[in-house]
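Trainee: Sharing a model prediction with you, sequence too.
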Amino acid sequence: MVNIAVTGAAGRMGMAITNAVQSNSMIKFVGALEREGSPMVGHDAGEVAGAGHAGVRITDNRDIAFGEADVVIDFTAPESTIKNIEECVHLDKAIVIGTTGLSHHQRDHIKELGAKVRMVMAPNMSVGVNLLFKLVHDAVMKVGHDYDIEIIEAHHRHKKDAPSGTAIRISEVVADALGSNLEDVAVYERRGIIGERQPGEIGIQTIRAGDIVGDHTVILAGPGERIEITHKASSRQNFAVGAVKAALWIVDKANGQYDMQDVLGLKD
């Protein structure tokens, strides 16, 4: 039995993760964290998530929320995630991170912390999306610079960061397969008289609308044909199930920063 605590317990992903934790017989739900001042502090986390009574009260105190946990699952915001990792280092807890919108400085700091804690960090915990990463890498390795590559992502109107962490990761996979530096070839917006598309560009375009959970499409357009690789999420539950899979995997691993490709055994 693995003891798990959930951060952002009253948020959309926090509630989805709580449901996934509650329904898994290999897990004991032991802690739930929310921001200071949240009206949900003191409420039963299972009832807040619609998962039924869990016997776990939401708290804004990390020591209390993480105290009994083997693994913490964190889908919050960059600043909160940094504090949660630091607390896990202090308490010797493993952590699974799905937070996006991290700055380069924050990523570097997390990399430093990763040597001191067992950590799975990925912009998307979905099994399908991680298969997409693999398929895109293999496809780009085959077509190389002969095909133009565009990435289109769509999410709900409340999402705060753009492009999505998943789209950024896809673009990193593409750049790596092409042997390019992403910062040199990424194009995030096109407007006006921009001239012809430059060789090696990686286009990354963003849509924000309605309640779209998460759609990602990679277009590889060559002479006379077009390949499209698409993943569409219809529910946040697939992210939550992936996060739980990662939590069960990381619990007995050595300190270090891992990703979902490690969890799913997709690395060559």
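Mentor: Perfect, I can see it now.
Trainee: and S180, how many neighbours?
Mentor: 17 (other CB atoms under 10 Å). Every residue, glycine included, has its C-beta placed from N, CA and C.
Trainee: List the contacts of it.
Mentor: The neighbours of S180, taking CB atoms under 8 Å, 6 or more residues apart in numbering as the test, are G200, I202.
Trainee: what helix or strand does it sit in?
Mentor: Counting by DSSP states H and E, there is no helix or strand that carries S180.
Trainee: what's downstream of the helix or strand containing I95, the next helix or strand?
Mentor: For I95, the host element (DSSP H and E) is strand 94-97. Next helix or strand after strand 94-97 toward the C-terminus (DSSP H and E): helix 104-113.
Trainee: now for that next one, which elements pack on it?
Mentor: Contact here means 3 or more CB pairs under 8 Å, 6 or more residues apart in numbering; DSSP states H and E; on that basis helix 104-113 packs against helix 78-91, strand 118-121.
Trainee: Could you identify which of these is most buried?
Mentor: strand 118-121 (a mean of 25; mean count of other CB atoms under 10 Å).
Trainee: And that strand, what does it pack against?
Mentor: Short answer (3+ CB pairs under 8 Å, 6+ apart): strand 118-121 packs on strand 94-97, helix 104-113, helix 237-250, strand 256-258, helix 260-263.
Trainee: N24: how many residues sit nearby?
Mentor: N24 - counted by other CB under 10 Å - has 17 other residues nearby.
Trainee: ok, it - contacts?
Mentor: By CB under 8 Å, 6+ apart, N24 lies in contact with V244.
Trainee: From T18, how far out is it?
Mentor: Computed as CB to CB, to the nearest Å, the N24 to T18 distance reads 11 Å.
Trainee: Test of understanding: give the bridge partners of the closest residue to K253 other than its chain neighbours.
Mentor: Sequence neighbours aside, R118 is the residue nearest to K253 in space, at 5.3 Å (criterion: CB to CB, 6 or more residues apart in numbering). Bridge pairing for R118 (DSSP bridges) gives the partners G256.
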